[in-house]
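**Q** how would this look folded up:
(2 chains)
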Amino acid sequence: MTATTADTRRVTTAKAISEAIALEMRADPEVFVMGEDVGPYGGIFGSTGGLWDEFGAERIIDTPISETGFIGAGIGAAVEGMRPVVELMFVDFFGVCMDQIYNHMAKIHYESGGNVKVPLVLMMAVGGGYSDAAQHSQCLWGTFAHMPGLKVVAPSNPYDAKGLMASAIRDDNPVLFLFHKGVMGLPWMAKNPRSIGPVPEEAYTVPIGKAAVAHEGSDVTVVSVSMSVQHCLDVAEALEGTTSVEVLDLRTIAPLDRDAILASVGKTGRLVIVDEDYKSFGMSGEVVATITDRDPRMLKGPVQRVAYPDIPVPYSRILEYEALPTRDKIQRAIEEVMKF
Amino acid sequence: MVDNNMRLGFYKEMVRIRTYEEAIRRDYHADKAPAWDIGAGLIPGEMHLSAGQEPVAVGLCANLVQGDAITAPHRPHHLALAKGVDMKAMTAEIFGRTTGLGKGKGGHMHLFAPEQHFSCSGIIAEGFPVAVGQAMAFKRRGTDNVAVAVAGDGAVNQGAFHEALNLASLWTIPVIFVIEDNDWAISVHRDTSTPVKHNADRAAAYGMPAKRVEGNDVEAMYAASKEAVERARAGGGPSFIEIHTVRLWGHFEGDAQAYRGDELAEAESRDPVPMYAEKLTNAGILDAATDAAIKQQASDEVEAAIEFAKSSPQPDPSDAYLHVFA
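**A** A predicted model of the protein is given here:
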């Protein structure tokens, strides 16, 4: 039965996420959802679609625009043992509630010497590519991964999204669940074919902290996460027969699966990192350090980073695509590392 | 409503808290001389003591049970003790020992006692939304427990304060917001920061009942808290209490308080502990022998807690890497 539904049923990432939440809510009365427009609207990006119809306003709670207030309330409910799933609509809105995230959610377990747990999921939409400009297009996973005490996941496809959401809700730690708008399979955005895929109907988990080899290869390792993984897979498939590209989908940014990075680069000796988050002081540098901390001689030559340049996200489509990781840039980076 | 037994109980608890703060103050300063170094000594770091604010904690907590929650601010000792947090574990935390509430990871601004649903945070007003969430959990589970968010008058101009009041009123959450108006936000006087004379007036903007308690009066604080807690337990939603209290000592230990000028001497004349002792003595409730016994009992308990802390093991350096994740 599992195999049949997995093989035949294809859903969007948005549907996969809301399905995971529904399954956890049916199984555990302590799970509830809170955020802006998560009720009858179903989440601006569809992450809570259908939940209000099934669970009602008592468990799917539309909030005022008070991100400090309702994220703080989520923390309070979590320390009392509930399992809130809180949505901060756009990751870019973190600025109005960062204290609750950085100083409370992330630190309470440590400050309490392990005596208080904060089992909370904070969902946020990330990413650009549709001219929403500087305050509605960022990824920022590096900003959150930098803070000890937060787990940060960012799925690239519907199957991982459903399994990671189940793991996030069951985890006893705060988990930041970053879904890229481009992977949600939304009818009102560019159609990315890999944002709709096979997803089993029943509950299952994808482990937090484990990367996945999304495309096996032996010449070059391309490490990426979230939407960019889809572009990497397109390039890897296009280069089949020419260059053997291994695409490593991190799936979790923190804690980083360093073993998977070391294993793949140990095999290929060449490394490209594709990151839609800002280049400096972020995920791409951390992946490089993972190699050079162990043994720089693993690399045959310099690393290529296809990351967001250190500029705010511009509005004009021409300007934005100058900055975004694209298939062309990824392919050129692969060609560069293949020179060594 | 307040009988003489309760009055004596209030006094005992106020003495207990004052004795504690005096002892912490003594030990805090004991090994920082001759050259002042805030990070040196058996109790390192910032130290915000609550002398003068005992009536707030005692009047409030007399209405609370173990299952009720408090989120306290950076000046938390009076609230922790009145709430029933274990004095030994709390003291060990302040001394940074493994037997402390947070195994030496939190310190005096980050005390977590989950059995008492007590926590505090060093970020002004940010405990207010957390209390709302704890009370949400109590309500969802059908208990009659309540949560209380406490902060100083400096907290009322933070967004978190207003967001929390709005959410609590909107959702009829069993939470009580308490503002300890001690006139000062570090060195900035209330009149310099806040355009309304009484913050209780602000509660009206959220459709919330409010009361201002004058005179740092433990019995009036008890009565106001009782009304608010009973309303919350009965499903009547949140309330707001502001009490005019007094900060007898500096914002932190080592604060010379030059900014207070003549007000400091005036504040010292409003010390609630001797004032309440005098009131109870005049009413024939307290005599010198009883007073001495109360103080001795408090001293014995506090010194035992300090001895426990001092004789507890220091953490192993490798403990720093534990407890990042559950």
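**Q** and stretch B:307-314, what's buried?
**A** Judged by neighbour count using 16 or more other Cβ atoms under 10 Å in any protein chain shown, the buried positions of stretch B:307-314 are B:Phe308, B:Ala309, B:Ser312. From N, CA and C alone the C-beta is placed, and that goes for glycine too.
**Q** meant to ask about stretch A:304-315
**A** Neighbour-count burial for stretch A:304-315 flags A:Gln304, A:Arg305, A:Val306, A:Ala307, A:Tyr308, A:Val313, A:Pro314 (criterion: 16+ other Cβ under 10 Å).
**Q** please apply the same query to stretch A:226-242.
**A** Neighbour-count burial for stretch A:226-242 flags A:Ser226, A:Met227, A:Ser228, A:Val229, A:Gln230, A:His231, A:Cys232, A:Leu233, A:Asp234, A:Val235, A:Ala236, A:Leu239 (criterion: 16+ other Cβ under 10 Å).
**Q** the buried residues of stretch A:304-315 in helices, which ones?
**A** When those are checked against helices (DSSP state H), there are no matches.
**Q** list just the nearest of the buried residues of stretch B:307-314 to A:Lys117.
**A** Within these, proximity to A:Lys117 (Cβ to Cβ) peaks at B:Ser312, which comes in at 24.5 Å.
**Q** and the closest one, helix, strand or coil?
**A** Recorded secondary structure, B:Ser312: coil (DSSP: H, G, I helix; E, B strand; the rest coil).
**Q** B:Phe95 is in contact with that one, correct?
**A** Yes: taking contact to mean Cβ atoms under 8 Å, the distance of 7.2 Å between B:Ser312 and B:Phe95 places them in contact.
**Q** sorry, back to before: closest to chain B out of the buried residues of stretch A:304-315?
**A** For these, the residue nearest chain B by Cβ to the nearest Cβ is A:Val313; the value is 25.7 Å.
**Q** quick one, what contacts the closest one?
**A** Under the criterion of Cβ atoms under 8 Å, 6 or more residues apart in numbering or on different chains, the contact partners of A:Val313 comprise A:Gly128, A:Asp132, A:Ala133, A:Ala134, A:Ser137, A:Gln138, A:Glu320, A:Ala323.
**Q** give me the pLDDT value at the first one.
**A** Translated: A:Gly128. For A:Gly128, the model assigns a pLDDT of 97.
**Q** tell me who's in contact with the residue nearest to it when sequence neighbours are not counted.
**A** Take A:Gly128 and drop its neighbours on the chain: the residue closest to it by Cβ to Cβ, 6 or more residues apart in numbering or on different chains is A:Ser137, 3.1 Å away. When contacts are counted by Cβ under 8 Å, 6+ apart, A:Ser137 is found next to A:Asp92, A:Gly127, A:Gly128, A:Gly129, A:Tyr130, A:Val313, A:Glu320.
**Q** of those residues, which is the most crowded?
**A** Neighbour counts for these, by other Cβ atoms under 10 Å in any protein chain shown, peak at A:Gly127, which reaches 28 neighbours.
**Q** let me know the closest of the buried residues of stretch A:226-242 to chain B.
**A** The closest of these to chain B turns out to be A:Ser226 (Cβ to the nearest Cβ; 22.1 Å).
**Q** ok, the closest one to A:Gly182 distance?
**A** A:Ser226 is 8 Å from A:Gly182, where distance means Cβ to Cβ, to the nearest Å.
**Q** overlap in contacts, those two.
**A** Each of A:Gly127 lies in contact with both A:Ser226 and A:Gly182 under the rule Cβ under 8 Å, 6+ apart.
**Q** redo the contacts of A:Ser137 as TSV? Include secondary structure.
**A** Shown next, in TSV, are those (three-state DSSP):
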residue	secondary structure
A:Asp92	helix
A:Gly127	coil
A:Gly128	coil
A:Gly129	coil
A:Tyr130	coil
A:Val313	coil
A:Glu320	helix
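**Q** right, I'll leave it there.
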